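[1] Everything below, folded, please.
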Amino acid sequence: MQQTNPAPHPTPAGTPARARTSWNATDLSLIAVFAAVVAASAILPAIPVGQVGVPITLQTLAIMVTGIVLGPWRAGAALSLYVAVALAGLPIFSQFRGGIGVLFGPSAGYIIAFPIAAFAVGFLARIVFRRFDRFRFLALFAACTATSLLITHPFGIVGMMINAKLDLAAAVAADVVFLPGDILKNLAAAAIGLSVVKAFPRLQSRPARRS
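    Numbers count the residues shown, from 1 in each chain. So this is what the prediction gives:
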């Protein structure tokens, strides 16, 4: 009697696909596309705040969405590409800045944190999609907020202490003004990221050791 293989079970919406062994052309294209999305979010009108002048932008929103959708390794690669191209001289940082000189400004800590934050929220998002069937929105919001509080803001504070010569209290005070906006952007990122993954679950198909 001929034995037939059972039909594969369909992947539930919003659940990451099975791991692959390496990146393919689609992965590389997604990395480039999301790097461009972050660049577009940076060149939208920025709002400088405080005496230090670090601007409020939509970059953190784009970074969180990138992490949720692409997972840690591809999101980290997308943000590394974005930062590398900008530091090479392309004016795609906020306020049309570019070049290595940006690392000597008050925003340097936030910029250095971008790839790390993208990786971190991507890692946490993977856990959410694997282990949470309910309350995914709240879990993704918590992942974005934890990344902001534990990575983005501390790096930003250290950057202002080094480059703007602020003491710790002054740097924290300068950073606190970004928190309300970050909460709103994290809510939006969780909603957008969850919607994208539900609509295109294959976007999260990933290499086994890279994501």
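[2] From the centroid of this protein, which residue is nearest?
    With distances taken as C-alpha atoms, centre = their mean, Ile63 lies nearest the centre of the chain, 2.6 Å away.
[3] Can you pull the phi/psi pair for Ile92?
    Phi and psi for Ile92, reported as degrees, to the nearest 10, are phi -120, psi 10.
[4] How about it, nearest residue that isn't a chain neighbour?
    Ala39 (4.1 Å; C-beta to C-beta, 6 or more residues apart in numbering). The way it works is simple: take the backbone N, C-alpha and C, and place the C-beta from them, glycine included.
[5] which element is the one you found on?
    helix 25-43 (DSSP states H and E).
[6] Beyond the longest helix along the chain, next helix or strand please.
    When the chain is parsed with DSSP state H, its longest helix is helix 108-131. Using DSSP H and E, the helix or strand that follows helix 108-131 towards the C-terminus is helix 136-147.
[7] Residues contacting that following helix, please?
    With C-beta atoms under 8 Å, 6 or more residues apart in numbering as the test, helix 136-147 has contacts from 14, 64, 67-68, 117, 120-121, 124-125, 127-129, 132, 182-183, 186-187, 189-191, 193-194.
[8] For PyMOL, write a command that selects the buried ones of those.
    To isolate the buried members of these in PyMOL, using 16 or more other C-beta atoms under 10 Å:
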select buried, resi 14+64+67+68+117+120+121+124+125+128+129+182+186+187+189+190+193+194
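[9] Low-confidence bits of the chain, can you list those?
    Residue ranges of the chain with pLDDT under 70: 1-21, 45-53, 205-211.
[10] re earlier: list the contacts of the residue nearest to the centre of the chain.
    Residues in contact with Ile63 (C-beta under 8 Å, 6+ apart) are 38, 75, 79, 114, 117-118, 121.
[11] tell me which element it falls in.
    Secondary structure assigned from DSSP H and E places Ile63 in helix 59-70.
[12] Ok, Ala174 next?
    Using DSSP H and E, Ala174 falls in helix 168-176.
[13] In that helix, which residues are buried?
    Using 16+ other C-beta under 10 Å as the test for burial, helix 168-176 gives 170-172, 174-175.
[14] Stretch 147-155: end-to-end distance?
    11 Å (C-alpha to C-alpha, to the nearest Å).
[15] Run the chain-centre distance for that stretch.
    12 Å (C-alpha atoms, centre = their mean, to the nearest Å).
[16] ok, now stretch 126-142?
    Relative to the chain's own centre, stretch 126-142 is displaced by 16 Å; criterion: C-alpha atoms, centre = their mean.
[17] Check the burial of Phe200 by counting its neighbours.
    For Phe200, the count of nearby residues is 12 (other C-beta atoms under 10 Å).
[18] for Ala188, same thing?
    16.
[19] cool, Met161 as well?
    18.
[20] Okay, and it sits in which element?
    Take DSSP H and E as the rule and Met161 turns out to sit in helix 153-163.
[21] quick one, phi psi at Phe93?
    Dihedral angles of Phe93 (phi, psi; degrees, to the nearest 10) stand at phi -80, psi 170.
[22] How many residues are close by it?
    The burial count assigned to Phe93 is 24, neighbours taken as other C-beta under 10 Å.
[23] I'm done for today, thanks for sticking with me.
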